[in-house]
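Novice: Sequence below, structure please.
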Amino acid sequence: MNEFWFTPKLTGYGAAPSTWEGYTLVGALLAVVLVCSFVMVRRGNSYRSIFPLPLRVIAISTVIFLIVCAWKTDGSWG
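Specialist: Residues are numbered from 1 along each chain as shown. Purely as a prediction, here's the structure:
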């Protein structure tokens with residue numbers, strides 16, 4: 001089934017969710033960001049890296065989210 005999850009915005013750049021799958025994908029990304037933020041706040045200044053693991057998880061999740069959004073959008077973003 002090749003149903004689109006997102007519709008392009010009428011003005012600006014990007015897409016908006018139009019089905020429950022799209023809203024679920026947005027909610028999943030939001031959950032990942034919130035959990036990683038909570039972990040970073042709880043750990044405080046104990047990170048020795050400039051790009052700690054929670055930030056890497058957020059970055060990778062965001063890239064995957066954008067790829068799926070572009071793939072499942074009905075039309076172009078621009």
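Novice: you'd agree R56 is in a helix?
Specialist: Yes - assignment of R56 by DSSP: H, G, I helix; E, B strand; the rest coil places it within a helix.
Novice: ok, Y47 - contacts?
Specialist: By C-beta atoms under 8 Å, 6 or more residues apart in numbering, the contact set of Y47 is M40. Any C-beta I mention is one placed from the backbone N, CA and C, and that applies to glycine too.
Novice: Kindly list the main-chain dihedrals of it?
Specialist: Y47 adopts backbone torsions of phi -80, psi 140, taken as degrees, to the nearest 10.
Novice: Tell me how far it lies from S37.
Specialist: Distance, Y47 to S37, by C-beta to C-beta, to the nearest Å: 13 Å.
Novice: go on, S76?
Specialist: Per C-beta to C-beta, S76 is found 32 Å from S37.
Novice: So for the two, which residue has more residues nearby?
Specialist: More crowded of S76 and S37, by other C-beta atoms under 10 Å: S37, with 13 against 9.
Novice: The closest residue to that one other than its chain neighbours: how many residues sit nearby?
Specialist: Spatial nearest neighbour of S37, excluding adjacent residues (C-beta to C-beta, 6 or more residues apart in numbering): P54 at 7.5 Å. Neighbourhood size, P54 [other C-beta under 10 Å]: 19.
Novice: do the same with T7
Specialist: By other C-beta under 10 Å, the residues close to T7 number 15.
Novice: Secondary structure element for it, which one?
Specialist: In this structure, T7 sits in strand 6-8 according to DSSP states H and E.
Novice: can you pull out the strands in the protein?
Specialist: Using DSSP state E, the strands of the chain run over 6-8, 15-17.
Novice: got those as a markdown table, with mean pLDDT and distance to A70 columns?
Specialist: Compiled in a markdown table, these are given as follows (pLDDT from 0 to 100; distance: least, C-beta to C-beta, whole Å):
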| stretch | mean pLDDT | distance to A70 |
| --- | --- | --- |
| strand 6-8 | 90 | 9 |
| strand 15-17 | 90 | 8 |
